[in-house]
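Colleague: following is a predicted model, sequence given first.
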Amino acid sequence: MPATTNTANVTWAKGSRAAQAGVKKLADTAANRAALQAEAAKDQLPSAVVKMGKDVALISSAALQTGSRIARTEGASIQQGDTLSIGGTDATVLYEDDGFAEIDTKDVIVAIIDTGLDVNHPAIKGRVVSPYNVIDHNTDVTDEEGHGTHVAGIIAGARGLNADSEGGVAPNVKIMPIKAAGKNGGFRASNVAEGIRYAADHGAKVINMSLGGPLWMPYVQDAIKYAESKGVVVVCAMGNSGKQSAAYPARFDGVLAVASSKDGKRSKFSNYGDRTDVTAPGEHIISSVPGGKYGDKSGTSMASPYVAGAVALVMAQHPDWTPAQVRDWMDRAVNDVGPTGWDKDTGYGEVNLFKAVYGKDLAPVVRAPQPPKQSFWQKVMAFFHLA
């Protein structure tokens, strides 16, 4: 039987969800099942292989919401074993695929300014470019602390290497490790600023900074402005003191400031407040650690790279977008898990990868109230702990 291809209305979750999808139908044989599953794994779309009577079919559409280990979805998803209706005909799901790992991100470089990287970790090996140690001014980015390697795995870790790890949000991107923090995680603002400029000058499209502190960092602020002028999107962790105030550099304009959440609620440890843009999963995240191993860590340090990975997927599809356009899109591509609209705990909401990567014409957000600008002397007083 030759393949037949058409478009049909697909409904799932007992008819509560629906989408138009392409449908490719073949006779139900083991070979055809395998062929359609292989096609689903390459189509760069949410897709499913289903059994329809004597036939097997591939359904795919940007409007489908399939099961996903990595995405925080909104509403019911299509899961293996579910019953769907395709053009009025019942079908059973044999295989589903979210499509994220299929997005062509080979030209996207994500810089991680952190404690370094285990460049030989199986989750990352072969995709490391332009490593730099701003402390010693060499290319040795050995990660003695483990934080940077964990962050890298959340952004770009290969999938299927560890049963307990979801793998990276964008598992095919290139990683530029920039070591700016030492064994205890401490850092100098001047080193961070140098790392930002290095990343911007060496082809990074995204910079993740899962670091921060309470003090104003003028060198870092200037470096962020420089990176934005070079088309780089900067993503920062809000901080883990549970305070109603973002840590620097997340507090600066021109960055995506990320709080941590679990099950749609802000993590107790996560900073929050008027600079919160979005939230992402940050509790008990299993990711790569040095020595080819995996470990469990929590913090806004884990939430920020989730968003950085999502940004990498978006930039792969929209390479002409400016950093401001990407930030605006990410603010829209959320599940509004708090009070309607922006709120100080969850910002615009929890990032939804399906909306970020496949969304169309997402509704504009009502912008959050802007914090009052600090005068130069207020910043100086804050810097010296005088206010």
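Modeller: Structure's in. What do you need?

Colleague: for Asn191, give me phi and psi.
Modeller: Note on Asn191: its backbone torsions stand at phi -70, psi -40 [degrees, to the nearest 10].

Colleague: residue boundaries of the helices in the stretch 251-387 of the chain?
Modeller: 300-317, 323-332, 353-358, 376-383 (DSSP state H, counting those that start in this stretch).

Colleague: the stretch 1-150 of the chain now?
Modeller: Using DSSP H, counting those that start in this stretch, the helices of the stretch 1-150 of the chain run over 30-40, 147-156.

Colleague: coming back round to it: closest to Gly231 out of the helices of the stretch 251-387 of the chain?
Modeller: Across the helices of the stretch 251-387 of the chain, Gly231 has its closest neighbour in helix 323-332 (6.5 Å, CB to CB). For glycine as for every other residue, the C-beta is placed from the backbone atoms N, C-alpha and C.

Colleague: the closest one vs helix 300-317, what angle?
Modeller: With axes from the mean of the first three to the mean of the last three CA atoms, to 10 degrees as the basis, helix 323-332 and helix 300-317 are set at 120 degrees to each other.

Colleague: residues touching helix 323-332, excluding its own?
Modeller: With contacts defined as CB atoms under 8 Å, 6 or more residues apart in numbering, helix 323-332 is touched by 228, 231-234, 254, 256, 277-278, 307, 310-311, 314-315, 318, 321, 347-348, 351, 355-356, 359, 362-365.

Colleague: got the domain boundaries for the chain?
Modeller: Per automatic domain parsing, the structural domains of the chain span 4-101, 104-358.

Colleague: distance check, the residue nearest to Gly67 when sequence neighbours are not counted against Ala63.
Modeller: Among residues not flanking Gly67 along the chain, Gln79 sits closest, at 4.5 Å (CB to CB, 6 or more residues apart in numbering). Distance of Gln79 to Ala63, computed by CB to CB, to the nearest Å: 17 Å.

Colleague: beta partners of the residue lying closest to Val23 once chain neighbours are set aside?
Modeller: The shortest distance from Val23 to any non-neighbouring residue, by CB to CB, 6+ apart, is to Ala8 (4.9 Å). Applying DSSP bridges to Ala8 gives these bridge partners: Ala21.

Colleague: now do Ser47
Modeller: For Ser47, the beta-bridge partners under DSSP bridges are Ser60, Asp97.

Colleague: how close does it get to Gly309?
Modeller: Applying CB to CB to Ser47 and Gly309 gives a distance of 21 Å.

Colleague: now do Gly347
Modeller: Distance from Gly347 to Gly309, by CB to CB: 18 Å.
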